[in-house]
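**Student:** fold the following and give me the result.
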Amino acid sequence: MPKQIIKKYYKFFLEKIKTKTRLDNYLIEKLPIMYTRSIIHKIIILGNVYINKNKIIKKKYNLKKKDIIEIYNLYIKKAKWFLKSEKRKINIIYEDEYLLIINKPFNSVVHPGTSNPKGTILNGIKFYLEKPKIPLKKPYLANRIDKETSGLIIVVTDEKILKNLSKQFTLNLIKKKYIALVNGNIETNNITISSNIRRNRNQKYNMDIYKFRGKVCLSTFQVIERLKYITVLKCRLYTGRTHQIRVHLKKLGHPIFNDKKYGGDQILCQKKRINHIIKNSNFIALHANSLELIHPIFRNKIKYNSIIPYQIYLFLKLMSTCLH
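**Tutor:** Numbers count the residues shown, from 1 in each chain. I've put the predicted structure just below:
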């Protein structure tokens, strides 16, 4: 289906209005659901909104009683999106006709999007599943991990199985564990953090001081080993919020090694050779190493582990030389 430009015109007359009602907030309530907050902001900034025949480009404009709002908008109806198959190396840990467990390398995109239409894990899985061995269908992601993070993810071949695993995640029946290398020395052996996380304007996720804002999340951390400049942790997630571990460890004052987004790209080591290697490394030291779930069809528990990537292993070896 080709792209098509569609004209839209909306008009609102404010008979009753609460005091200090912002223009963008009012439009979010009145316009169809396809108009998200970001789209509405663009419509206002581009000068497509008129109040009493005057162009308004301020999204925080305060509305008044008897205002007449007119909106002129053009948007593009895009062609339907299809997942393309692409030959790609996939590290499969477990496989049956219902699901696969994949060991994802770091710096690899899981799901295609506007900026990454190909070269993703799902493109490679579709190519793999098109073989006669498994009559497919369409692959679905049951869980995701960050692009910069390595480790285990679940891919299923049916929507009913996807719903089953989604329910298991909701009921906390699926156990996800990570290995993380963090800056500094954590003195407490076991730590539990429960907080609300929300996204700010810089596309970072931060713990919110107000309990009613953001989404509730729970993580536990256990110290495995302490080196001179870093601590090795075992992390357990009880909720699945975006960047949850990274945000919690930043809040503790011990961000994950080389996590530039959350301040983990600085580490103090007196040896110049190690500092050079740290400066030029291109991974975040966070690995989803363990996954336990109830098989949605066979109803038995399955558990799989993966070893840490060699880059993290090499970094641990190098950091141990700082002790001498």
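**Student:** thinking Glu97 is in contact with Val156, fair?
**Tutor:** No - the pair Glu97 / Val156 is not scored as a contact, 10.5 Å apart, by CB atoms under 8 Å. All C-beta spots, glycine's among them, are computed from the backbone N, C-alpha and C.
**Student:** more neighbours: which of the two?
**Tutor:** Comparing Glu97 with Val156 by other CB atoms under 10 Å, the one with more neighbours is Val156, at 21 against 12.
**Student:** quick one: the more buried one from Asn289, how far?
**Tutor:** Relative to Asn289, Val156 is positioned 21 Å away (CB to CB, to the nearest Å).
**Student:** check Val155 too.
**Tutor:** Val155 is 18 Å from Asn289, by CB to CB.
**Student:** quick one, which of those two is more surrounded?
**Tutor:** Applying other CB under 10 Å to Val155 and Asn289 shows that Val155 carries more neighbours, namely 24 against 21.
**Student:** residues touching that one, list them.
**Tutor:** Counting by CB atoms under 8 Å, 6 or more residues apart in numbering, Val155 touches 99-102, 122, 125, 139-142.
**Student:** most neighbours among those, please name it.
**Tutor:** Among these, Ile125 has the most neighbours (other CB under 10 Å), with 26 neighbours.
**Student:** secondary structure element for that residue?
**Tutor:** helix 121-129 (DSSP states H and E).
**Student:** Gly253 contacts Ile186, doesn't it?
**Tutor:** No - using CB under 8 Å, Gly253 is not in contact with Ile186, being 9.0 Å away.
**Student:** the two - which one has more neighbours?
**Tutor:** Remark: of Gly253 and Ile186, Ile186 carries more neighbours, 19 against 11, as counted by other CB under 10 Å.
**Student:** check the gap between that one and Val247 for me.
**Tutor:** Distance, Ile186 to Val247, using CB to CB: 16 Å.
**Student:** dihedrals phi and psi, the residue nearest in space to the middle of the chain?
**Tutor:** Closest to where the C-alpha atoms of the chain average out (CA atoms, centre = their mean) is Thr242, at 4.2 Å. The phi/psi pair for Thr242 (degrees, to the nearest 10) reads phi -60, psi 130.
**Student:** need the pLDDT of it.
**Tutor:** Note on Thr242: pLDDT of 83.
**Student:** helices of the protein, start to end?
**Tutor:** For the chain, applying DSSP state H gives helices covering 23-30, 37-45, 121-129, 159-170, 244-251, 272-279, 310-320.
**Student:** pull the distance from the second one to the chain's centre.
**Tutor:** Put simply, helix 37-45 sits 24 Å off its chain's centre (CA atoms, centre = their mean, to the nearest Å).
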